[in-house]
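1. Give the three-dimensional model of this entry:
(3 chains)
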Amino acid sequence: MISAILFYSTAFVLFLIGLFGVLTRKNIIKILVSLSITETAVNLFLIAVGYIEGAKAPILTKTIGSISINSLKFVDPLPQALVLTAIVIGLGTTALSLTIAIKLYKNYKTLNITKMGGKK
Amino acid sequence: MIILLYLVILVLLMSAICAIFTKDLLVSVVALGVNSLIVSALFFLMHAPDVAITEAAIGAGLSTAIYVFAIRHTKRQEEK
Amino acid sequence: MKKTEFITGSFIALTLVVLLGVFFFQALFQPLYEGKVMPVDNVNLKNRLSLHYVLKNVHNASKYLASHGKSYFNNRELVPSRKITFGESKNFEEGSANEVTSIVVNYRGFDTLGEVTVLFISIIGLTMLIGGVVGKKLRQPSLIVRTGSRFLFPFILLFGIYIFIHGHLTPGGGFPGGAVIASGFLLLLLGLESYKFNTTASKIVESLAGLTFVSIGLVGLFAKNSFLANFIPTGTIGFLYSAGMVALIYIVIGIKVGAELSTGVAELKEGDEND
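-> Numbers count the residues shown, from 1 in each chain, chains lettered A, B, ... in the order given. So this is what the prediction gives:
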């Protein structure tokens, strides 16, 4: 049996590492990498909310047999449904932001955000 | 068994720190891919196989690829 | 920027992160309200809304809420429910064996339509912005990579199709299936240098899939008076021909997501054929 507190703690620490990266890095691609780490941490936290010790994956199979109000054998499926789509949307937004980063590089010839803007 | 899990989580946090603090962007992106792969294993341990499949295909595969393409269009080393 | 400024900024960021971390962890281990600890380790599904999703009696629950009012919130177990048996139970609210699929497609189908639209718009933005960008030339792939990618591509495609057709029975569904198909196209793009991704065909396929999604929803609107309602009979739970339109919509979503992600990856890779 794995306690849910372990997963919660991992998600928190990962989120804080990603937040520190977003706050301190100056390279724009490094900022996007940090943002991806933060996003992964939030997904991990949401799945951990639905985790129940000793329960099974929410798919009815022959070995599980039947479920009723008195024998609920599943973990919470609602956070999983939310995270499933969130990951795919995350890839779409990451691709869009990387495109903007490439365009900024072509314009200013640098990836450093402190040197962007103003006169070229 | 639980000690192995602690080790895996340690590698996860180390890869996140490596992705943020390294100067080489390609190393950073590969560390991000390792991070996603380990997180997908954690999803499987939390009985979420659907999310684990999605995270393995997208986080470790496609996401790493688009970051590498973006680095190819720009610069690999982080400047001072 | 001077070095001292950067060190000061890092110190402030570190302080902020540590304070936030203390805030997070004290919520995990300390009593929240009236001496009750946050239920992280003894979660009971009966106290959560997901109970009705798992037991597939959302319609009963909404009827019960309308007739009994606030007493519903004290005890969700009072809502009448049935026992679900694999391979025997027939004509449930919707007969999908995978609970996550039933939530994504059936109970929250309109939400999924919106999410697919967000993905569509982000890929459109990528395609518009990337024009004119020319990258460095790639190294030529070796013989093993060329042969291997040509050999592996059909199997990856087949696996992706399997994932989204069996989305209501096994782990998977439209979103992972589309991602697997896109990774197959990524392998072709990297492995075969003569391969050119046909962006126009992928856009047509993607638009047709989106149109099919909306028309399935409209058929539900005319047949059952509700957008994206399940108008096909849901057979026995656990069989391939069950769950009504869930499988149909997941096939459409799989094709749509696969085409969108492949277009995005191919557009980002573009640039080496011009120089």
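2. Which of the three states applies to A:Ile67?
-> strand (DSSP: H, G, I helix; E, B strand; the rest coil).
3. OK, contacts around it?
-> Shown in contact with A:Ile67 (C-beta atoms under 8 Å, 6 or more residues apart in numbering or on different chains): A:Leu60, A:Lys73, A:Phe74, C:Val54, C:Leu55, C:Lys83, C:Ile84. Quick note: C-beta positions are derived from backbone N, CA and C, even for glycine.
4. Could you do C:Gly191 as well?
-> By C-beta under 8 Å, 6+ apart, the residues touching C:Gly191 are C:Pro141, C:Val145, C:Arg146, C:Gly148, C:Ser149, C:Arg150.
5. ok, it to chain B distance?
-> Distance from C:Gly191 to chain B, counting by C-beta to the nearest C-beta, to the nearest Å: 12 Å.
6. Please work out how many residues are found near the nearest residue to that residue once chain neighbours are set aside.
-> Nearest residue to C:Gly191 in three dimensions, chain neighbours excluded: C:Ser149, at 2.8 Å (C-beta to C-beta, 6 or more residues apart in numbering or on different chains). Neighbours of C:Ser149 under the rule other C-beta atoms under 10 Å in any protein chain shown: 20.
7. With the one 4 residues further on instead?
-> Each residue near C:Phe153 was counted by other C-beta under 10 Å, and the total is 17.
8. Hmm, A:Gly54 and A:Ser3 touching each other?
-> No. Between A:Ser3 and A:Gly54 there is no contact under C-beta atoms under 8 Å: 11.3 Å.
9. What residues does the spatially closest residue to C:His166 that is not a sequence neighbour make contact with?
-> Spatially, and ignoring its direct neighbours in sequence, C:His166 is nearest to C:Gly172 (6.5 Å; C-beta to C-beta, 6+ apart). Residues near C:Gly172 by C-beta under 8 Å, 6+ apart: B:Asp50, B:Ile53, C:Ile163, C:Phe164, C:His166.
10. out of the residues you listed, who has the most neighbours?
-> Tallying neighbours with other C-beta under 10 Å puts B:Asp50 at the head of the contacts of C:Gly172, with 29 neighbours.
11. show me what contacts that one?
-> A:Gln80, A:Leu84, C:Asn98, C:Val100, C:Thr101, C:Pro171, C:Gly172, C:Gly173, C:Pro176.
12. could I get the residues you listed as CSV with secondary structure?
-> CSV is the format used below for the contacts of B:Asp50 (three-state DSSP):
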residue, secondary structure
A:Gln80, helix
A:Leu84, helix
C:Asn98, strand
C:Val100, helix
C:Thr101, helix
C:Pro171, coil
C:Gly172, coil
C:Gly173, coil
C:Pro176, helix
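13. Out of the residues you listed, which is nearest to C:Leu190?
-> Relative to C:Leu190, the closest of the contacts of B:Asp50 is C:Pro176; by C-beta to C-beta it sits at 20.9 Å.
14. My read is that that closest one contacts B:Ile53, right?
-> Yes. With contacts counted by C-beta under 8 Å, C:Pro176 reaches B:Ile53, the gap being 4.3 Å.
15. just to revisit the earlier point, please flag which of the contacts of A:Ile67 sit within helices.
-> If you go by DSSP state H, these have C:Val54, C:Leu55 in helices.
16. Now which of the contacts of A:Ile67 would you call buried?
-> A:Leu60, A:Lys73, A:Phe74, C:Val54, C:Leu55, C:Ile84 (16 or more other C-beta atoms under 10 Å in any protein chain shown).
17. picking that back up, among the contacts of C:Gly191, who's most crowded?
-> The residue in those with the most neighbours, by other C-beta under 10 Å, is C:Ser149 (20 neighbours).
18. my guess is it meets C:Leu192, correct?
-> Yes. C:Ser149 is within contact range of C:Leu192, at 6.1 Å (criterion: C-beta under 8 Å).
19. got any residues that touch both of the two?
-> The contact lists of C:Ser149 and C:Leu192 share C:Pro141, where a contact means C-beta under 8 Å, 6+ apart.
20. Below-threshold pLDDT in chain B: ranges please.
-> Low-confidence segments of chain B, defined by pLDDT under 70: B:80.
21. Up against chain C, what does it have?
-> Taking C-beta under 8 Å from any C-beta of the partner chain as the criterion, chain B approaches chain C at residues B:49-50, B:52-54, B:57-58, B:61-62, B:65-66, B:69-70, B:72-73.
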